[in-house]
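Novice: Need coordinates for the below:
(chains A and B)
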Amino acid sequence: MELLVGTRKGLFVLRGDRGAAMDVAHRAFEGSDVEFAIRDPRTGTYYASVTSGWFGPHLYFTDDPTGEWQQSEGPAFPEDIDAKLVRTWIIQPGEEDGVLWAGVDPAALFKSGDGGRTWELNRELWEHKTRLDWQPGGGGLALHSIAPWPGDPDRLAVGVSAAGVWITEDGGRSWRNGGKGIVPRYMPEEAREETLQLCIHNMHRAAKDPSTVYMQFHGGVYRSDDAGETWTDIGTDTGLPSDFGFPMVTDPNDPARAFVIPLVADADRVTPGGALRVFETGDRGATWRSSSNGLPQNNAYLTILRQAFGHDGGDPLGLYFGATSGHVFGSGDGGRSWTTVADFLPPVLSVRVGAA
Amino acid sequence: MPVVVLRQPLRDMAEGNARVEVTGTTVGEALAALERIHPRTKGWVLDEHGDIRRHVNVFVDGERASAEHVLDGDAELNIIQAISGG
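Specialist: Numbers count the residues shown, from 1 in each chain, chains lettered A, B, ... in the order given. Here you go, the predicted model:
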């Protein structure tokens, strides 16, 4: 199997057996940040978001991640909009043939109808009447989570740091704010209910039950049963050592199952107690338990970033995540056991499964 | 005509050419001409609004220049990565 590992110094294509140590089959975009890389399972086309410290953000695609990559036209802001692309956080296959979505900083959604060759800004979300109230989080004003609705191209939810959840049911022609029930503890109590400044860290839909959406928040873990309109706290007194963290995985085969990797808190973004632990729920967040057999449990102070946790969609689920330490860990049995897949890579920004 | 001198990785984006003759009376026009001649350089030196990227320096005949700098007919433009940015 194949892993696409985006790092601070290029894309690493890892290949090897499922759940076992893997080899670096190829390194691309040397020296540049690779914020995100993904293989579209519908077409086998690979996409990579690459940002050079000198030459800016660009998006590339290829049919062979060890070969030549072709540069896309965009995403880029049109001439009439006073904004410049900082980076692309996520590339998400859509529901229609040829359609992909891209989420960027500053927070905007772009759509491609031609397999990622060209990109067009979704103006309705960009020009939403609340836009002036959108505030950046520590990582910028980022649209980093895109949750399509399986089988329905009109329905989409996106997550923005720090401007909340946005929902469309007409393919992006109109947007409304979701997020009721989320408690931003970083705001004064009297300002919490009305604020748009919700720092979503990651949001994923449960594919088999699309009304179910899970969220890792900036201090809080939540579940929505109504497609992102309202949210229930599933991070308090449910077995997690902390409700702060960045990445999240939902099991595409089981809507009751999700995984998080807690960090201590916003003021101390490392694994609690020097133990690297993945937590799993199998009951929609009512309870969480550690699924960490094989992960370092002593002297391990790691940081796992927003896009650095992926899965292979299999049953049992293959799970893979990377840390800013340059380690990548994997499980071929749904988290029951883990192994070190790769180490001594540059700081890991994203992990996704490529070809099976 | 003005000439743009390219180093790596821009040289690769310009089909391996180290020197590219361009048209234009300003630095900005010359760099836009470079993008037309070698489309793979589009978005690398100039951003989507035509501004020189923050961590790229353009020198004209040895002097750092802005996009508005007016060129002599035989000016030589060097595009150099800033020591910041990496």
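
Novice: Centroid-nearest residue for the chain?
Specialist: As the question left the chain open, I've gone with chain A. A:Gln307 (3.9 Å; CA atoms, centre = their mean).

Novice: let's do chain B instead
Specialist: Mean-position check on chain B, CA atoms, centre = their mean. Result B:Leu31 at 4.5 Å.

Novice: Surely that residue is in a helix?
Specialist: Yes. With DSSP: H, G, I helix; E, B strand; the rest coil as the criterion, B:Leu31 is part of a helix.

Novice: Look at A:Val249 and give its secondary structure.
Specialist: strand.

Novice: wouldn't it be in contact with A:Ala308 here?
Specialist: No. A:Val249 sits out of contact with A:Ala308 when judged by CB atoms under 8 Å, with a separation of 10.8 Å. In short, each C-beta sits where N, CA and C put it, glycine included.

Novice: Which one's more surrounded, these two?
Specialist: In this view A:Val249 and A:Ala308 are compared by other CB atoms under 10 Å in any protein chain shown, and A:Ala308 has more residues nearby, 26 against 23.

Novice: Could you tell me which residues make contact with the more buried one?
Specialist: A:Phe246, A:Pro247, A:Phe321, A:Gly322, A:Ala323, A:Val348, A:Leu349, A:Ser350, A:Val351 (CB atoms under 8 Å, 6 or more residues apart in numbering or on different chains).

Novice: what number of residues lie near the closest residue to A:Thr212 other than its chain neighbours?
Specialist: Of all residues not flanking A:Thr212 in the chain, A:Ala206 sits nearest, at 4.0 Å (CB to CB, 6 or more residues apart in numbering or on different chains). Residues lying near A:Ala206 (other CB under 10 Å) number 24.

Novice: go on, B:Gly73?
Specialist: With other CB under 10 Å as criterion, B:Gly73 counts 7.

Novice: for it, helix, strand, or coil?
Specialist: Applying three-state DSSP: B:Gly73 is coil.

Novice: which phi and psi does it have?
Specialist: phi -60, psi -30 (degrees, to the nearest 10).

Novice: isn't the residue nearest to the centre of chain B right up against B:Val58?
Specialist: Yes. Counting by CB under 8 Å, B:Leu31 does reach B:Val58; the two are 7.3 Å apart.

Novice: quick one: common contacting residues for the two?
Specialist: Shared contacts of B:Leu31 and B:Val58, counting by CB under 8 Å, 6+ apart, come down to B:Val45, B:Ile52, B:Ala67, B:Leu77, B:Ile79.

Novice: taking those residues one by one, which sit in strands?
Specialist: In strands, judged by DSSP state E, the following of the shared contacts of B:Leu31 and B:Val58 are found: B:Leu77, B:Ile79.

Novice: and the gap between the residue nearest to the centre of chain B and chain A?
Specialist: Separation of B:Leu31 from chain A (CB to the nearest CB, to the nearest Å) stands at 13 Å.

Novice: Which pLDDT value goes with that residue?
Specialist: If you check B:Leu31, the pLDDT there is 97.

Novice: which residues touch it?
Specialist: B:Val4, B:Val22, B:Gly24, B:Val45, B:Leu46, B:Ile52, B:Val58, B:Ala67, B:Leu77, B:Ile79.

Novice: Out of these, the closest to chain A would be?
Specialist: B:Val45 (7.3 Å; CB to the nearest CB).

Novice: What is the burial count for that closest one?
Specialist: 26.

Novice: sorry, back to before: filter the contacts of B:Leu31 down to the ones near chain A?
Specialist: B:Val45 (CB under 8 Å from any CB of the partner chain).

Novice: what secondary structure does B:His49 sit in?
Specialist: coil.

Novice: my read: it touches A:Ile81, true?
Specialist: No. Contact criterion CB under 8 Å: B:His49 and A:Ile81 do not qualify, at 9.0 Å.

Novice: Which one's more surrounded, those two?
Specialist: Each of B:His49 and A:Ile81 has its neighbours counted (other CB under 10 Å); A:Ile81 has more, 16 against 13.

Novice: How about the backbone phi and psi for that one?
Specialist: According to degrees, to the nearest 10, A:Ile81 has phi -110, psi 130.

Novice: And for A:Arg284?
Specialist: Residue torsions, per degrees, to the nearest 10, at A:Arg284 are phi 60, psi 20.

Novice: Skipping its backbone neighbours, what lies nearest it in space?
Specialist: A:Ala256 (4.8 Å).

Novice: and what of A:Asp315?
Specialist: That would be A:Asn253: by CB to CB, 6+ apart, it lies 5.2 Å from A:Asp315.

Novice: before we move on, what about A:Leu143?
Specialist: A:Gly103 (3.6 Å).

Novice: Can you pull the residues of chain A lying near chain B?
Specialist: So far as CB under 8 Å from any CB goes, chain A lies against chain B at A:31, A:52-56, A:58, A:71, A:73, A:76-79, A:84-85.

Novice: And A:Ala76, how far from A:Asp251?
Specialist: Distance of A:Ala76 to A:Asp251, computed by CB to CB, to the nearest Å: 36 Å.

Novice: now swap in A:His204 and tell me
Specialist: Taking CB to CB, one finds A:His204 at 10 Å from A:Asp251.

Novice: give me every residue that touches the residue nearest to A:Thr212.
Specialist: By CB under 8 Å, 6+ apart, the neighbours of A:Ala206 are A:Thr212, A:Val213, A:Tyr214, A:Thr250, A:Asp251, A:Pro252, A:Asp254, A:Pro255, A:Ala258.

Novice: Name the residues of chain B found near chain A, please.
Specialist: B:9-10, B:40, B:42-45, B:47-49, B:51, B:53, B:55-56, B:81-82, B:84-86.

Novice: make it 10 Å
Specialist: Contact residues, chain B versus chain A (CB under 10 Å from any CB of the partner chain): B:9-10, B:13, B:39-51, B:53-57, B:79-82, B:84-86.

Novice: Which helix or strand contains A:Ile167?
Specialist: Following DSSP states H and E, the helix or strand that holds A:Ile167 is strand A:164-168.

Novice: Which elements pack onto that strand?
Specialist: helix A:123-126, strand A:142-149, strand A:152-161, strand A:176-178, strand A:200-205, strand A:213-217 (3 or more CB pairs under 10 Å, 6 or more residues apart in numbering or on different chains; DSSP states H and E).

Novice: Can you list the strands that the fifth one pairs with?
Specialist: In this case it means strand A:200-205. Using DSSP bridges, the strands paired with strand A:200-205 are strand A:213-217 (antiparallel).

Novice: quick check: angle from the strand it pairs with to strand A:152-161?
Specialist: Computed by axes from the mean of the first three to the mean of the last three CA atoms, to 10 degrees, the angle separating strand A:213-217 from strand A:152-161 equals 10 degrees.

Novice: quick one: strand A:213-217 to chain centroid distance?
Specialist: 11 Å (CA atoms, centre = their mean, to the nearest Å).
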